[in-house]
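S.K.: output the structure for:
(one chain, ligands or ions: 1)
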Amino acid sequence: MSDDPRVINSRLQRVYGISGDEYVQLFRAQHGRCFVCERAKAQHLAVDHNHRTGLVRGLLCAHCNRVVGYLNDDRRKFARFAEYLANPPAVAVLGKRYVPNSPGAAGYTGEEQ
Ligand SMILES: [Zn+2]
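M.R.: Have a look, this model is predicted:
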């Protein structure tokens with residue numbers, strides 16, 4: 001990607017309908033961080049938007065932007081993901097089982113074997 005502000009500005013306007021100044025406004029409002037994972041980015045955050053409506057939602061790192069895409073912008077899938085992490089279905093079926101050599105496993109020494 002070009003570092004030329006005119007090229008960046010033109011691309012933002014053409015692809016996302018926002019100006020370079022508006023990008024900077026968003027970037028500053030998010031303190032230069034991805035809104036979801038809060039990792040700071042020195043330069044570039046993706047302009048995330050709803051792929052169905054085109055609504056510009058905010059700035060995300062490339063990783064989080066991909067996750068949104070993988071889950072098709074579907075809030076129900078994100079809610080199920082949160083539920084999955086809070087109440088893992090395997091625990092309900094098997095009880096608490098840990099993969100060998102993990103911090104939760106019996107006899108874990110913290111050393112790779
Ligand atoms: Zn992120």
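S.K.: model confidence over the host helix or strand of V7, on average?
M.R.: Take DSSP states H and E as the rule and V7 turns out to sit in helix 5-11. Throughout helix 5-11, pLDDT has a mean value of 82.
S.K.: buried set for the lowest-mean-pLDDT helix or strand in the chain?
M.R.: Sorting the helices and strands of the chain by mean pLDDT, DSSP states H and E puts helix 5-11 at the bottom, at a mean of 82. Buried residues in helix 5-11, counted by 16 or more other Cβ atoms under 10 Å: N9. Every residue, glycine included, has its C-beta placed from N, CA and C.
S.K.: next secondary structure after that helix?
M.R.: Criterion used, DSSP H and E; the element after helix 5-11 is helix 20-29.
S.K.: now for that next one, which elements pack on it?
M.R.: Packing partners of helix 20-29 (3 or more Cβ pairs under 8 Å, 6 or more residues apart in numbering; DSSP states H and E): helix 5-11, strand 56-60.
S.K.: tell me what angle that helix forms with strand 56-60.
M.R.: Angle of helix 20-29 versus strand 56-60, following axes from the mean of the first three to the mean of the last three Cα atoms, to 10 degrees, is 60 degrees.
S.K.: off-centre distance for helix 20-29?
M.R.: Computed by Cα atoms, centre = their mean, to the nearest Å, the separation of helix 20-29 from the middle of its chain amounts to 19 Å.
S.K.: after it, which helix or strand is next?
M.R.: Next element after helix 20-29 (DSSP H and E): strand 46-49.
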